[in-house]
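Peer 1: The following comprises the amino acid sequence and a computationally predicted model.
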Number of protein chains: 2
Amino acid sequence: MSTLAELGEFEVIQRLRAVRSPAPGVIVGAGDDAAVTHPRDGFDLVTTADCFIEGTHFLPDWFTAREAGRRLATANLSDIAAMAATPRWAVESIGAPADRSVEWLEQFERGLDEALFAAEAGLVGGNITACPTAFFCLTLVGDVAPGAAWSRDGARAGDLLAVSGMPGRAGAAVRLAAALGDRARDPLWRDVLRAWIAPTARLELARRLAPLGVVSAAIDLSDGLAGDLGHVCRASAVGAEIDMAAWPEDPHLERAARELGAAPDDLRLGPSDDYELLLAVAPEGREACERVARDAGVPLHFIGRFTDAAAGITKIDGSGRRPLGGAGYDHFAQSES
Amino acid sequence: MSTLAELGEFEVIQRLRAVRSPAPGVIVGAGDDAAVTHPRDGFDLVTTADCFIEGTHFLPDWFTAREAGRRLATANLSDIAAMAATPRWAVESIGAPADRSVEWLEQFERGLDEALFAAEAGLVGGNITACPTAFFCLTLVGDVAPGAAWSRDGARAGDLLAVSGMPGRAGAAVRLAAALGDRARDPLWRDVLRAWIAPTARLELARRLAPLGVVSAAIDLSDGLAGDLGHVCRASAVGAEIDMAAWPEDPHLERAARELGAAPDDLRLGPSDDYELLLAVAPEGREACERVARDAGVPLHFIGRFTDAAAGITKIDGSGRRPLGGAGYDHFAQSES
């Protein structure tokens, strides 16, 4: 007998997947940001589920109910963005202690609704039940033209590696909150904290990039860059190298790193759920992507390239080339690496 | 400020629904067994979510992991059956303590997979996270011809009221287990316990009944007959009368009632999640429905009729006509009525 803690999240997922029988009409099954299925000619269906446990995925001291609801919607919308799909309808399962106030829940739902509504999606059903630990599970269904969904497994050696936004800030905010307590509420840390408390799903960027036809693989950053890049490399059977010199300056992250006594690069690559997009891009598509991102007002940086699998996953910085350590966040092992 | 316990499950649901913005493409929104949405011409999408909390929705002393998984799938399949839809793809969110054995989870997933596979549906994705209370949330997507989904709101005064199977057994089993402890494992109680531990979703019956075009409203019994009939009557703005003399004999239920010191009729109408179908049927369709049910090998009994709303919901038995008391199971109030 093995416990979940002994095996760790990703091994557990492998074990559970092995139990499943094949289902008809599945284009992309488990193991991507979302499942892609083909109900009828004309379009594909994209389905994703995410679950927030109070105290784990959001800390009541740091999140209002509304912010927590908005963030749960964003986590799901981000998975739909990473598939280049259009979000449509969501259903939610809530577990909540009987002494929870309905006003708190209304605020949570308000935040959830706001984020879905802004994405032209909506909550169409769900259920609620009593549970000592509060949890919120959202399933979001989207659609996409047949065969047009991005997946994790299309990266090719030679493709460029691009990332949106300023990854690492969300993870830095978690560590600042733990290290500084209320002092982390100082306006000095506002931009870093916002990445944690009020992230944005990159739907608009994905919507504009998809028609270019140059993105060969995509994932959203929910585990952290090193962890999520590892997912893409395994799924695509490629390696990757990250050039740390190609990253943008991020004075906010650098200040947080100093405060935490951490290396900025470790924050950029380590556990952090920024809900940014990590993309594999055909080299000839770089300029078009940069133009589209500029038009969308979203930072997009080319920070490396995909290689043969044999080269592994490495990072190049001032001290040379080294294997990129580290998986992402593991919900059972609860260890960072 | 009001707690969930003070308001009760159904009032809480009303409050949370009021927060939602309208979403485009919604045919049937929250408040039915499943949501119906219209992604493209040619078909409607039917989406339902159900969540099992260990210790609430299944008791580890009474359910193997495999039985619990099978029952969660059945709860969702039953909602799809109640919409006359075809189940297709499911995603699951699991919360589990870190010291849970992966073998237990594998057995749970095996049960879930078996029930989905038998219905020609399959699990295509999901996620798992650490949570002190184990929970399992399943979202199931099905499809149906445009406009063909059954709903709760179509019952008309004069329609007949039919129910499949032998409702009340599942609730009786819960009470037997509590009252008798291990003695409830005696083969004497096997048929009653099976209704609780291994219920069947009535997909096949729904699939055969739908083309007759005589079912005007449907719901699956997950709260209990009185509670679920109340849902249909409110949604359809009708009343109903149940003729207790029209019910089939159920010696198993009657034996359980004697053991529990309860009236069999109270078990039939009270809280009980049997996953049977309750249907409103146009009077001229009765014989065709009976024939179809016989062919499918599923008991189907006509136990009353729908009336004007003004007549309320009543039951007729040896002592005359009386208002039908009782809502279904309330997850927050935790009171039976």
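Peer 2: The structure has been received and is ready for your questions. None of these values were measured; they are calculated from a predicted model.

Peer 1: Flag every buried residue along the host helix or strand of A:Gln14.
Peer 2: Assigned by DSSP states H and E, A:Gln14 belongs to helix A:9-17. Under the neighbour-count criterion of 16 or more other CB atoms under 10 Å in any protein chain shown, helix A:9-17 has A:9-13, A:15-16 buried. To be clear about C-beta, it is placed using only N, CA and C from the backbone, and glycine gets the same treatment.

Peer 1: can you give me the helices in chain A?
Peer 2: Secondary structure of chain A by DSSP state H: the helices cover A:4-7, A:9-17, A:65-81, A:102-118, A:169-180, A:190-197, A:203-209, A:225-236, A:251-260, A:264-269, A:286-296.

Peer 1: hey, which of these is tucked in deepest?
Peer 2: By mean neighbour count, with neighbours taken as mean count of other CB atoms under 10 Å in any protein chain shown, helix A:65-81 ranks first of these at a mean of 26.

Peer 1: Next, see if it gets close to chain B.
Peer 2: No. Using CB under 8 Å from any CB of the partner chain, helix A:65-81 never reaches chain B; the gap is at least 9.5 Å.

Peer 1: Quick check: which helices or strands does that helix pack against?
Peer 2: Contact partners of helix A:65-81 among helices and strands, from 3 or more CB pairs under 8 Å, 6 or more residues apart in numbering or on different chains; DSSP states H and E: strand A:43-53, strand A:86-96, helix A:102-118, strand A:135-144, helix A:203-209, strand A:215-220.

Peer 1: can we see that at 6 Å?
Peer 2: Counting contacts by 3 or more CB pairs under 6 Å, 6 or more residues apart in numbering or on different chains; DSSP states H and E, helix A:65-81 packs against strand A:43-53, helix A:102-118, strand A:135-144, helix A:203-209.

Peer 1: Do the helix holding A:Gln14 and chain B come into contact?
Peer 2: Yes. Using CB under 6 Å from any CB of the partner chain, helix A:9-17 reaches chain B at A:12, A:15-16.

Peer 1: and the gap between the residue in the stretch 51-200 of chain A that chain B sits nearest to and B:Val26?
Peer 2: Among the residues of the stretch 51-200 of chain A, A:Gly122 lies closest to chain B, at 2.2 Å counting by CB to the nearest CB. Using CB to CB, to the nearest Å, A:Gly122 is found at 7 Å from B:Val26.

Peer 1: How about the contacts made by A:Val12?
Peer 2: A:4, B:102 (CB atoms under 6 Å, 6 or more residues apart in numbering or on different chains).

Peer 1: Distance check, it against A:Ala75.
Peer 2: A:Val12 is 20 Å from A:Ala75, where distance means CB to CB.

Peer 1: Same question for A:Ala210.
Peer 2: Taking CB to CB as the measure, A:Ala210 falls 20 Å from A:Ala75.

Peer 1: Let me see the mean pLDDT of the helix holding A:Gln14.
Peer 2: What helix A:9-17 shows for mean pLDDT is 88.

Peer 1: A:Gly122 and B:Val26 - which one has more neighbours?
Peer 2: Taking other CB atoms under 10 Å in any protein chain shown, A:Gly122 and B:Val26 do not tie; A:Gly122 has more neighbours (22 against 18).

Peer 1: how far away is that one from B:Gly25?
Peer 2: Distance of A:Gly122 to B:Gly25, given as CB to CB: 9 Å.

Peer 1: Roughly how far does A:Glu120 sit from A:Ala149?
Peer 2: In terms of CB to CB, A:Glu120 sits 18 Å off from A:Ala149.

Peer 1: Of those two, which one has the most company?
Peer 2: With neighbours defined as other CB under 10 Å, A:Glu120 and A:Ala149 compare such that A:Ala149 has more, 26 against 12.

Peer 1: Contacts only, for that one.
Peer 2: By CB under 6 Å, 6+ apart, the contact list for A:Ala149 reads A:36, A:44, A:83, A:85.

Peer 1: is it possible to export these to JSON lines including pLDDT and neighbour count?
Peer 2: Shown next, in JSON lines, are these (pLDDT from 0 to 100; neighbours: other CB atoms under 10 Å in any protein chain shown):
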{"residue": "A:Val36", "pLDDT": "92", "neighbour count": "29"}
{"residue": "A:Asp44", "pLDDT": "91", "neighbour count": "23"}
{"residue": "A:Met83", "pLDDT": "96", "neighbour count": "30"}
{"residue": "A:Ala85", "pLDDT": "96", "neighbour count": "31"}
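
Peer 1: tell me the two of the residues you listed that are most distant?
Peer 2: Using CB to CB, the two most remote members of the contacts of A:Ala149 are A:Asp44 and A:Met83, lying 9.1 Å apart.

Peer 1: returning to what we had before: a markdown table please, covering the buried residues of helix A:9-17 and showing distance to A:Leu300.
Peer 2: As requested, these are exported to a markdown table (distance: CB to CB, whole Å):
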| residue | distance to A:Leu300 |
| --- | --- |
| A:Glu9 | 29 |
| A:Phe10 | 28 |
| A:Glu11 | 34 |
| A:Val12 | 34 |
| A:Ile13 | 30 |
| A:Arg15 | 37 |
| A:Leu16 | 35 |
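
Peer 1: which stretches of the stretch 51-200 of chain A have low pLDDT?
Peer 2: For the stretch 51-200 of chain A, no stretch has pLDDT under 70.

Peer 1: For it, list the residues in contact with chain B, please.
Peer 2: Proximity of the stretch 51-200 of chain A to chain B (CB under 6 Å from any CB) is limited to residues A:51, A:53, A:89, A:91, A:93, A:95, A:98-103, A:106, A:109-110, A:113, A:117, A:122-127, A:129-133, A:135, A:137, A:139, A:143.

Peer 1: and the residues you listed, which are buried?
Peer 2: Buried by 16+ other CB under 10 Å: A:51, A:53, A:89, A:91, A:93, A:95, A:98, A:100-102, A:106, A:109-110, A:113, A:117, A:122-127, A:129-131, A:133, A:135, A:137, A:139, A:143, out of those.

Peer 1: quick one on the thing from earlier: need the nearest residue in space to the residue of the stretch 51-200 of chain A closest to chain B, chain neighbours excluded.
Peer 2: In space, and not counting its chain neighbours, A:Gly122 is closest to B:Ala23: 2.2 Å by CB to CB, 6 or more residues apart in numbering or on different chains.

Peer 1: With adjacent residues omitted, what lies nearest to A:Glu114?
Peer 2: In space, A:Glu114 comes closest to A:Arg70 once its chain neighbours are excluded; the distance is 6.1 Å by CB to CB, 6+ apart.

Peer 1: Hmm, I typed the wrong one, I wanted A:Asp265.
Peer 2: Excluding its sequence neighbours, the residue lying closest to A:Asp265 (CB to CB, 6+ apart) is A:Met244, at 5.5 Å.

Peer 1: Tally up the residues packed near that neighbour, please.
Peer 2: Counted with other CB under 10 Å, A:Met244 comes out at 16.

Peer 1: Tell me how far it lies from chain B.
Peer 2: From A:Met244 over to chain B the distance is 31 Å, taken as CB to the nearest CB, to the nearest Å.

Peer 1: In contact with that residue, which residues are there?
Peer 2: Contacts of A:Met244 (CB under 6 Å, 6+ apart): A:265, A:315, A:317.

Peer 1: Format the residues you listed as TSV; extra columns: pLDDT.
Peer 2: TSV is the format used below for the contacts of A:Met244 (pLDDT from 0 to 100):
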residue	pLDDT
A:Asp265	95
A:Lys315	95
A:Asp317	93
